[in-house]
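Colleague: what shape does this take:
(one chain, ligands or ions: 1)
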Amino acid sequence: MSHLEGLPAPFRVEVLDEAGSTNALLGERARAGEPEGLVLVTEHQTAGRGRLDRTWVTPPRAALTGSLLLRPQVAAERWPLLPLLTAVAVTDALAAVGGPRVELKWPNDVLHDGLKLAGILLERVDTDLGPAAVVGIGLNVSTTRAELPVPNAASLLTAGMLDPDRTALLRALVVAVAERYAGWAAPGSGPAEDAALLEAYRSRCDTIGRRVRVELPRGEPLEGTAVGVAADGALLVRPAGTEEGTPPMAVHAGDVVHVRSE
Ligand code: BT5
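Modeller: Here you go, the predicted structure:
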């Protein structure tokens, strides 16, 4: 992967040969005062993090593993839309490079034919300059089926893209995040920008309309039908066994399994 010139301001890329976790490193940089727009990518991530203490595993040079630093000047209640914005940007970037058809699983898994192609980890870091968002993206690029760490994973290669170029992908990804972010977080932005983003998100989200099982942070899993995504980004689930028209439950955090209908 080469260093990239000519990215939209304030974005700039640093490529590291090897790193533990780009999210952890960028978080440290953010706390040390790094301005918005740094993108740290690594050729080989050795301690990649998933959500909830899970791991993200990628062989050297086969994946795009990187993190972008944002310092959104938006109201705190709009922050939960950032993971959705990132997921939409990943689909934009894949479309821009002629990548495979993808769908989103709420909140922010990027799937190809139901298999996970990319994962997103958004972390909020408190810094002297105010709260920062570390936006981590892991995208399987030229990983072979045998190299993928879990059976329900895909890469651009296994999805049929024979010679994916990680530098072109990185550029497309930064441009896509920059464009979505500029539109959503502009000074004076608010409900209208949220609505535009959510419209883009909903049209790509394959969870809506499906039977789902949601593992919640606390308590029993919730089974039901995903009926929509609310204005604040929550997944709306009508619990199984309740009648159509029953108000759905709003899920703000959880792991969704798409249950196949018999
Ligand atoms: C995620 O977590 O999907 C977020 C992954 C974010 C990774 C990026 S890479 C750059 C940046 N720096 C970091 O340290 N992290 C970010 P979660 O939804 O919790 O999914 C994790 C689960 O996905 C694991 O428990 C495995 O089952 C599976 N998994 C691990 N590696 C995978 C891979 N390469 N492809 C597909 N699935 C994978």
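Colleague: surely residue 251 touches residue 223?
Modeller: No: assessed by CB atoms under 8 Å, residue 251 is found out of contact with residue 223, at 11.9 Å. All C-beta spots, glycine's among them, are computed from the backbone N, C-alpha and C.
Colleague: closest point of the stretch 1-150 of the chain to the ligand, which residue?
Modeller: residue 119 (2.1 Å; CB to the nearest ligand atom).
Colleague: work out for me the element that residue sits within.
Modeller: Element membership for residue 119, per DSSP states H and E: strand 115-127.
Colleague: within range of the ligand, give me the residues from the stretch 101-250 of the chain.
Modeller: 116, 119, 120, 121, 136, 137, 138, 140, 149, 150, 153 (CB under 6 Å from any ligand atom).
Colleague: how about CSV for the residues you listed, with distance to residue 60, pLDDT and neighbour count added?
Modeller: As requested, those are exported to CSV (distance: CB to CB, whole Å; pLDDT from 0 to 100; neighbours: other CB atoms under 10 Å):
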residue, distance to residue 60, pLDDT, neighbour count
116, 20, 98, 18
119, 18, 98, 22
120, 21, 98, 24
121, 20, 98, 23
136, 18, 98, 27
137, 17, 98, 29
138, 14, 98, 25
140, 13, 98, 30
149, 14, 97, 13
150, 18, 97, 8
153, 17, 98, 21
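Colleague: of these, closest to residue 199?
Modeller: Within these, proximity to residue 199 (CB to CB) peaks at residue 120, which comes in at 19.5 Å.
Colleague: that closest one: what's it in contact with?
Modeller: Residues near residue 120 by CB atoms under 8 Å, 6 or more residues apart in numbering: 83, 86, 87, 90, 108, 109, 110, 135, 136, 137, 138.
Colleague: number of nearby residues for the second one?
Modeller: Neighbours of residue 86 under the rule other CB atoms under 10 Å: 27.
Colleague: sec struct for it, please.
Modeller: Here residue 86 is recorded as helix under DSSP: H, G, I helix; E, B strand; the rest coil.
Colleague: what sits against it?
Modeller: Contacts of residue 86 (CB under 8 Å, 6+ apart): 108, 120, 122, 135, 137, 177.
Colleague: 6 Å - rerun?
Modeller: 120, 135 (CB atoms under 6 Å, 6 or more residues apart in numbering).
Colleague: the fifth one now?
Modeller: Contacts for residue 108 (CB under 6 Å, 6+ apart) come out as 83, 87, 120.
Colleague: with that, I have no additional questions.
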